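**Student:** dropping the sequence and predicted coords here.
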Amino acid sequence: MDELAARFPYFMIAILLAVGVWGMVGKRNLVKKLIGLNVLQSAIILFFISGSLRDGGTVPILFPGEHGKAEDFVNPLPHVLMLTAIVVSVAVTAVALAFLKRIHREFGTVDEAEILSEMESQS
Amino acid sequence: MTAQLPALIPLPLLALSILAPVAGMWRQGIAFWLAVATIAFSTAMSAWALAHVIAHGPMSYEFGGWEPPLGIEYVVDHVAAFVSLIVMVVALAVVVATRRMAEQEMQGRQGLYYSLVLLLLAGLTGIVVTADLFNLFVFLEISSLAGYALVFHGGRKGMLAGYRYLILGTLGGAFYLLGVAFLYFETGTLNMAHTLAILSASEATAPVSAGAVFIFIGLGLKMALVPLHLWLPDAYTFAPSSVNTLIAPIMTKVGAYAMLRMFLSVFPEGYLIDEVPIGQALIVLGAIGVLVGAVVAFRQQDIRRLLAYSSISQLGFIAIGIGLATPLGFVAALLHIMNHALMKGTLFLAVMAIRLQTGVSEVPALAGLGRHLPVTAAAFTVGAIAMVGVPPTVGFFSKWYLSIAAVEQDLWVILAVVLVSSLLSAAYLFRVLERAYFAPPPAAPDGPHDQPEGEARRTRLPLLGATWEPRVDVLLPLVLLAAATIVLGVLNVVVVRHVLEPGT
């Protein structure tokens, strides 16, 4: 049970990953695909962050005159990486939303099947 | 200055991608010249880097003076310089040649168009030169985002194709990042050479293998490995002509390069075969892709769609070469990356020229092409026979190396796949050539209004402009690319001996 509790974050991350991929691949609504994408990216960000934790670790800041060992601090590098990953994710979301706005203006819907059937009837 | 060379390939492209739209707001035409000058500069830097690497060996650049493995490192070795030069040369030829097509398709937004082109190239060359796993992810997303936006501009159908490309492409990037997370937590480093050293010194563990699988899926999506290729046909068919001419020859090739990088400088030799069967998966999926892509290509009416499926088929060859994971296999894969960039560049540029002059791209409508556009048709023919693999074009030699590499591993079935696929590609490309050269040409050249828009099966070639053959700014890059497929085919021994063998 302790084992399970210690790995609880990883189970949640696995579930989030599955939900995200399912939303991206299984949903026909283009907005829901984007939401799935965001869930997936959040899961990966959480994975990096939970992997950086250390038992009893504290904020990785060294005050003047202090001497700490690396084991006393959480790993700061994943946090920095995830700042970049969040920026990438925001950029992708922004581009996707701009696409969706154009698609909605053009077809009047964001449902993939309806868009496809409208393109069929056009050509 | 040679110490800065690795950074001088991608960074000017990145900087000018911000400057180009600003200049474009002032004068539309300037954006084009800025883009061409920047691409030419990066091409020259790539060529210089290649010459330097051949003479003095690989060079590395530390960002901000932070020594690796702490800081981000750029490394230009034989393979990186080679791929970077190919990408830039093809991009230069294509950007010059598609100028008027882009003027038509991107009316009033050329500044933004060239900004995206430069951003795409900055991302692609960044992937090539970086030696940092996370930095590679960032460049992957930069190039992909520019790619999505470019594809999206292809009218109503391009919109949906662009959106689907975004969803699947970002899924690929996310999987890659997940794989990097597993690797990082096991090794504690993101530097490729450092990762290789740590993984070589330790036993294989489950997290590293899981990371390898996620990286494989992510990069497989980016390089359109069957069955992860679903975004590619629509994206290549419905993107604007100026765009698919640019992305088709180079973009998936850089994904393949990233996959090759994992074999060469991230995972220890044999790890991706003995510990996780990724090499085997690449061979099997590559072989399936080679055959399925060729069969589906045969049934297409639109040449762009035909070429898109043939891309999937050709990428299968690259995947097989990487999957063999022997030096000869890597040589074959890299040679095929070069071939495919040149051949697809030639073919898509010829199709772009045909569309520019006549507005058609369906195979049945090409009757009389050989008579009216002899140079364009000849260039298309050269690209086509290179694709089939007729000596002395480059296409023959990479298939030759691949066959030897496969037989070396007793994989005779790959030999059969190469032969069957060559016959299949002969079938689908000669169907186009037959139409272009031997079908009865139209009685008289049609005016632009003779053919109503949207007619389902046009059988005659309409004339849009004043002349049949495109102007010299389109023809010259086209002819040079076509000539390169033959010249580099003849000189393939030089390329293999001086560039590829030391690099692998």
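**Tutor:** Here it is on my side, so go on. If you're wondering where the values come from, they're calculated on a predicted model, not measured in any experiment.

**Student:** rest of the way, CA atoms for contacts and neighbours
**Tutor:** Will do.

**Student:** quick check: residues of chain B near chain A?
**Tutor:** Residues of chain B found near chain A (Cα under 8 Å from any Cα of the partner chain) are B:134, B:138, B:141, B:145, B:149, B:152, B:156-157, B:159-160, B:163, B:166-167, B:170-171, B:174, B:177-178, B:181, B:185, B:454.

**Student:** hey, where'd the helices end up in the stretch 51-200 of chain B?
**Tutor:** Using DSSP state H, counting those that start in this stretch, the helices of the stretch 51-200 of chain B run over B:78-97, B:99-105, B:110-129, B:133-152, B:155-187, B:192-201.

**Student:** out of those helices, which gets nearest to B:Gly329?
**Tutor:** Closest of the helices of the stretch 51-200 of chain B to B:Gly329 is helix B:78-97, at 13.6 Å (criterion: Cα to Cα).

**Student:** do you know how far the closest residue to B:Pro477 other than its chain neighbours is from B:Leu475?
**Tutor:** The shortest distance from B:Pro477 to any non-neighbouring residue, by Cα to Cα, 6 or more residues apart in numbering or on different chains, is to B:Ala93 (5.1 Å). For B:Ala93, the distance to B:Leu475 (Cα to Cα, to the nearest Å) stands at 10 Å.

**Student:** neighbour-wise, which of the two wins?
**Tutor:** For B:Ala93 versus B:Leu475, the count of surrounding residues by other Cα atoms under 10 Å in any protein chain shown is larger for B:Ala93: 24 against 19.

**Student:** show me the contacts for residue 9.
**Tutor:** Picking chain A for this. Neighbour list for A:Pro9: A:Ser50 [criterion: Cα atoms under 8 Å, 6 or more residues apart in numbering or on different chains].

**Student:** that was the other one, I meant chain B.
**Tutor:** B:Ser42, B:Thr43, B:Met45, B:Ser46, B:Thr125, B:Gly126.

**Student:** give the buried subset of those as a PyMOL selection command.
**Tutor:** Filtering the contacts of B:Ile9 down to the buried ones (16 or more other Cα atoms under 10 Å in any protein chain shown) takes a single PyMOL command:
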select buried, chain B and resi 42+43+45+46+125+126
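
**Student:** in a markdown table, list the contacts of B:Ile9 along with pLDDT.
**Tutor:** Output for the contacts of B:Ile9, formatted as a markdown table (pLDDT from 0 to 100):
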| residue | pLDDT |
| --- | --- |
| B:Ser42 | 95 |
| B:Thr43 | 95 |
| B:Met45 | 94 |
| B:Ser46 | 94 |
| B:Thr125 | 95 |
| B:Gly126 | 95 |
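
**Student:** and which of the contacts of B:Ile9 is nearest B:Phe330?
**Tutor:** Nearest member of these to B:Phe330, counting by Cα to Cα, is B:Thr125, at 19.6 Å.

**Student:** where does the nearest residue to that closest one once chain neighbours are set aside fall, phi/psi-wise?
**Tutor:** Counting by Cα to Cα, 6+ apart, B:Pro10 is the residue found nearest to B:Thr125 once chain neighbours are left out, at 5.5 Å. Backbone geometry at B:Pro10, expressed as degrees, to the nearest 10, gives phi -80, psi -30.

**Student:** could you report the neighbour count for B:Pro10?
**Tutor:** B:Pro10: 28 neighbours (other Cα under 10 Å).

**Student:** wait, it sits on B:Gly123?
**Tutor:** Yes - using Cα atoms under 8 Å, B:Pro10 makes contact with B:Gly123 at a distance of 7.4 Å.

**Student:** residues contacting the residue nearest to B:Pro477?
**Tutor:** B:Pro477, B:Leu478, B:Leu481.

**Student:** average model confidence for the longest helix along chain A?
**Tutor:** The single longest helix within chain A, with elements called by DSSP state H, is helix A:76-107. Averaged across helix A:76-107, pLDDT comes to 93.

**Student:** tell me the angle of that helix relative to helix B:133-152?
**Tutor:** Angle of helix A:76-107 versus helix B:133-152, following axes from the mean of the first three to the mean of the last three Cα atoms, to 10 degrees, is 10 degrees.

**Student:** tell me the angle of the helix or strand just after helix A:76-107 relative to helix A:76-107?
**Tutor:** Per DSSP states H and E, helix A:76-107 leads on to helix A:112-122 as the next helix or strand towards the C-terminus. Here the directions of helix A:112-122 and helix A:76-107 differ by 40 degrees (the same axes, to 10 degrees).

**Student:** quick check: mean pLDDT of helix A:112-122?
**Tutor:** 85.

**Student:** equivalent analysis for stretch B:388-398, please.
**Tutor:** Stretch B:388-398 comes out at a mean pLDDT of 86.

**Student:** same check, this time on stretch B:100-118
**Tutor:** Rounded mean pLDDT across stretch B:100-118 is 87.

**Student:** then stretch B:368-379?
**Tutor:** Across stretch B:368-379, the average pLDDT comes to 86.

**Student:** is the residue nearest to B:Gly172 when sequence neighbours are not counted within a helix or a strand, and which one?
**Tutor:** Distances taken as Cα to Cα, 6+ apart place B:Gly218 nearest to B:Gly172, at 3.9 Å, with adjacent residues excluded. For B:Gly218, the enclosing helix or strand under DSSP H and E is helix B:206-222.
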